[in-house]
Structures are given as C-alpha cells and as structure tokens.
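Engineer: Okay, sequence plus prediction incoming.
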Amino acid sequence: MPVYNSVIGVLAAAVVGLELWRRSLRNRAARWVHVATFVLFGIVVAATIYGQLAARHMFEAIEADPANKASGLAHSIAAMMWGYLVAFVAVVVAAVVLGIANWRVRNVPADGPVARLR
C-alpha cells in the first residue's frame with residue numbers, strides 16, 4: 001500500500017497548498033470562491049476515502065476463490081482509480097477557481113475593505 005499512501009500524501013499536500021492560497025485571498029475575493037473551494041475540498045476528501053475503501057476491497061478480492069479473483073481485482077482497481085481521478089480533477093478545478101479569483105483581485109490591496117462596489 002505504499003503507492004496509495006503516497007497518492008494520499010500528494011492530495012493532502014495539494015489541499016493544504018490550495019487552502020493557504022485561498023486564505024491569502026481573504027477579504028479580497030468574492031464569497032463564492034471560498035464556498036466553491038470548500039466544496040471541492042470535500043469532494044477531494046470523499047473521493048480519496050472512496051479510493052481507500054476500494055483498495056481494501058482489492059485485498060479482499062485477492063483472498064477470494066481463484067475463479068473470481070481476476071474480475072474482483074479488476075473491479076476494485078477500477079473503482080480505486082476512479083476515486084483518485086475524481087480527487088485529482090477536483091484539485092485541478094480548485095486551482096483554476098483560485099487562479100481566476102487571484103487574477104480578478106490582483107489590483108485590490110491586501111488590507112483593503114471587506115466589501116466594495118463594482
């Protein structure tokens with residue numbers, strides 16, 4: 001399981017980095033940016049947990065009877081990879097959302113007003 005633990009480590013590092021980026025936009029970005037980022041973080045956590053549960057089922061499939069071992073392994077590995085793909089896509093979408101928010105607030109001072117007229 002060391003490969004799967006490294007995937008979790010990479011996803012956790014990405015979420016921490018994106019959260020620090022989101023906090024740097026505090027009081028300058030629109031409220032929807034923060035809500036969207038939290039929703040995407042939730043998707044990353046849920047998809048990673050789903051991938052880990054699928055990995056556990058993969059090890060159960062190894063101990064199954066030999067006639068169903070290949071199909072059980074294929075199903076578990078496919079479910080695990082789908083979970084990690086969803087988590088990766090959510091991280092990329094969060095980076096895009098934060099990049100757009102960063103681009104939109106580039107001229108607002110860091111200690112600027114909480115609300116402003118557009």
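Structural biologist: Received it, and whenever you're ready, just let me know what you need.
Engineer: switch to C-alpha atoms for all contacts and neighbour counts from now on
Structural biologist: Noted.
Engineer: Just the buried residues of the helix or strand Ala70 falls within, please?
Structural biologist: With the criterion set as DSSP states H and E, the secondary-structure element containing Ala70 is helix 69-104. Of the residues in helix 69-104, those with enough neighbours to count as buried (16 or more other C-alpha atoms under 10 Å) are 69, 72-73, 76-88, 90-91, 94-95, 97-98, 101-102.
Engineer: Can you name every helix or strand that it contacts?
Structural biologist: In terms of contacts (3 or more C-alpha pairs under 8 Å, 6 or more residues apart in numbering; DSSP states H and E), helix 69-104 is packed against helix 2-24, helix 31-62.
Engineer: by how many degrees do that helix and helix 31-62 diverge?
Structural biologist: Taking axes from the mean of the first three to the mean of the last three C-alpha atoms, to 10 degrees, one finds that helix 69-104 is oriented at 170 degrees with respect to helix 31-62.
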